[in-house]
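Undergrad: I need the structure of the sequence given here:
(chains A and B)
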Amino acid sequence: MRISQFFVATSREAPAEAELASHKLMLRAGLIKKLGAGLYTWMPLGLRVLRKVEAIVREEMDRAGAIELQMPAVQPAELWQESGRWEKFGPQMLRIKDRHERDFCFGPTHEEVISDIARRDIKSYRQLPVNFYQIQTKFRDEIRPRFGVMRAREFLMKDAYSFDASKAGLQNSYDAMYAAYAKIFTRLGLRFRAVSADTGAIGGSSSHEFHVLADSGEDAIAFCPASDYAANIELAEALAPAGERKPASAAMQQVATPGKKTCEDVAALLQIPLTQTVKAIALVANDKFHLLLLRGDHSLNEVKASKIAGLEVFRFATEQEIVAALDCEPGYIGPVTARAVDVIADRSVAAMSDFVCGANQPGYHLTGVNWGRDLPEPKLIADVRNVVEGDPSPDGKGSLSICRGIEVGHVFALGTKYSEAMNVVFLDEAGKSRLAEMGCYGIGVSRIVAAAIEQNHDDKGINWPQAIAPFDIAVIPIGYGRSEEVKRTAHRLHDELTAAGFAVLLDDRDERPGVMFADQELIGVPHRVVIGERGLKQGTLEYQARGAAQASPIGLQNALTELKSRLSPR
RNA sequence: CGGGGUGUAGCGCAGUCUGGUAGCGCAUCUGCUUUGGGAGCAGAGGGUCGGGAGUUCGAAUCUCUCCACCCCGACCA
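TA: Next up, the predicted model:
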């Protein structure tokens, strides 16, 4: 490809709205253009990358036995009403009406549609198992779209749905997808990790997320360096502290802590460790007030909290509700005099003695508080906090580390949730009607492009993994308009490399060298060869890999052979 | 949904407080020079200052209103 016949629109400065490295670089390199909040055009250069990712995903899905189809992006409301998700899905779903005032949505996902297809066409166990997939544009009306295509509203996703006759079959399908995902991300050249994930509101038996590891990732992952344990922080269990609770050694005392509303402030004022303090979080669920206790240095895990019976749908209490229930403003609330209130203690709080908490009197806290003596033992003890670095690993092998990741894939064993709701049944060997066991498997295709950049860039620009680079090699002639020999050599090399099956980008703009170098580095073409009069006189060209510190000369005579070997994987 | 911020040329910004005929850098176009790391000089084009209403002799600037975009946020123990 000659640049003059392609479209490369790079810029030196990124629009002010971009924060993340990948977002800035995608805009600067001209991969994407923003049309509106969370809406992006894939420019020709970006589209080449997107298509490469897509191709690898498709190949591995096919290889794993999945069958491609394509469902409509716009879906009738009826299907969603049938599954109950028309109401449940909430404002994330973009709802639209047609000219007859009939309700539709722009599909945020396709469980309903695929279930509808399956129930119409799958009648016998002989047709199972089957796994359908598509690579489709989805729309989710995110509260806050950001980071470019990383969290866009319109995005490209590969979603697959498996149907099996039995739980064991579902496990097979699930395992096959898990393996395919590992292959896909390996082929993409990304550093990733599969982690156990919460099965959340969808229900179902097991679930794994695939994360591309990057400090800028939105998700926290807990993993154990000493074992293969890895879980989304939402799921990672915080074990109860080992050993017996220490006996009380101090008397309960009320101390003045005016203006000190946070555990940090109180601990600083009293000169005690933060781990000695207890914070009380006021929650309301089903119109009932609850006080949830966490150690001062811990943070609430809302997913875990919502698994407690009665707290399935909770919210934080308003200041008015707190005052009404405890007769005290937030900042000084605590469990001791809150006898009429349901108290839920985190495991680590239940194991504390001589702790400090709010006194339910504005400007006062209590010190030396002890369970059983100063207040009743907690009615309910649960794991409701996020694990922190150094917590013991739930599998008992060492301690946890925390890293950040970008969720690019998710495999999910759904079971019969949708087959029940949508009546997806088939006849088994005995002629009996049975519910299909379903699984669903997503990959954020467009997000992968951004994630790959997060993981592979430097101060000059993108450094694509070979597998998804928009071009394999850039040919840069210096003095293109001045030297016939340079021009001729450049075109010959371009043609030969192209004939050898490589995607070649020839910079025939007759630009100054600095401009061409800077553009190639920004765009991130993994290899480049420079042709100049100087070198040609000595019969050499210059080769440089994108990440390499400097160029090395190669002989003009054997240039093609040499470049072929450098370009071929491994 | 709440709070904050921004909207001026394709991009990055100044000008707004203190009203008086719209500016800088990059990019674009023309010419000459230059040619191995985002060139130099000379010239040129491009903006109903987010939209609407109002105040005023006069509004990018003041007032009201609407819109778009960005950031932060459930609180906190």
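Undergrad: list the buried residues for stretch A:106-122?
TA: A:106-119, A:122 (16 or more other Cβ atoms under 10 Å). Just so you know, the C-beta spots here come from the backbone N, C-alpha and C atoms, and that holds for glycine as well.
Undergrad: again with stretch A:215-226
TA: Within stretch A:215-226, judged by 16+ other Cβ under 10 Å, the buried ones are A:216-217, A:219-224.
Undergrad: kindly report the same for stretch A:355-363.
TA: Going by 16+ other Cβ under 10 Å, stretch A:355-363 has these buried residues: A:355-363.
Undergrad: in CSV: the residues you listed, plus distance to RNA strand B, pLDDT and secondary structure.
TA: Formatted as CSV, those follow (distance: Cβ to the nearest atom of the strand, whole Å; pLDDT from 0 to 100; DSSP: H, G, I helix; E, B strand; the rest coil):
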residue, distance to RNA strand B, pLDDT, secondary structure
A:Phe355, 11, 93, strand
A:Val356, 9, 93, strand
A:Cys357, 6, 92, strand
A:Gly358, 4, 90, strand
A:Ala359, 9, 90, strand
A:Asn360, 9, 89, strand
A:Gln361, 12, 87, strand
A:Pro362, 11, 86, coil
A:Gly363, 11, 87, coil
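Undergrad: for A:Ile547, give its distance to A:Ala469.
TA: Just to correct that, residue A:547 is Gly rather than Ile. 12 Å (Cβ to Cβ, to the nearest Å).
Undergrad: neighbour count: the two, which is higher?
TA: Shown here are A:Gly547 and A:Ala469; by other Cβ atoms under 10 Å, A:Ala469 has more neighbours (25 against 10).
Undergrad: burial of the residue lying closest to that one once chain neighbours are set aside, as a residue count?
TA: Leaving aside its chain neighbours, A:Ala469 sits nearest to A:Pro526 (5.0 Å; criterion: Cβ to Cβ, 6 or more residues apart in numbering). Burial of A:Pro526 is recorded as 23 neighbouring residues (other Cβ under 10 Å).
Undergrad: would you mind listing the buried residues in the helix or strand harbouring A:Phe185?
TA: With elements taken from DSSP states H and E, the one containing A:Phe185 is helix A:167-187. By 16+ other Cβ under 10 Å, the buried positions in helix A:167-187 come out as A:169-171, A:173-174, A:176-178, A:180-181, A:184-185, A:187.
Undergrad: which one of these is nearest to A:Met150?
TA: Nearest to A:Met150 among these is A:Phe185, at 16.5 Å by Cβ to Cβ.
Undergrad: contacting residues for the residue lying closest to the closest one once chain neighbours are set aside?
TA: Leaving aside its sequence neighbours, A:Phe185 sits nearest to A:Phe192 (Cβ to Cβ, 6+ apart; 4.4 Å). Shown in contact with A:Phe192 (Cβ atoms under 8 Å, 6 or more residues apart in numbering): A:185, A:210-213, A:405, A:408.
Undergrad: list the contacts of the one residue in chain A that gets nearest to RNA strand B.
TA: At 1.9 Å from RNA strand B, A:Gly532 is the closest residue in chain A, using Cβ to the nearest atom of the strand. Contact analysis of A:Gly532 by Cβ under 8 Å, 6+ apart lists A:477-479, A:486, A:542.
Undergrad: can you check the pLDDT for it?
TA: pLDDT, A:Gly532: 95.
Undergrad: which residues does A:Gly148 contact?
TA: Neighbouring residues of A:Gly148 by Cβ under 8 Å, 6+ apart: A:18, A:20, A:22-23, A:26-27, A:32, A:34, A:40, A:450.
Undergrad: what residues does the stretch 51-200 of chain A put near RNA strand B?
TA: Within the stretch 51-200 of chain A, the positions near RNA strand B by Cβ under 7 Å from any atom of the strand are A:143-147.
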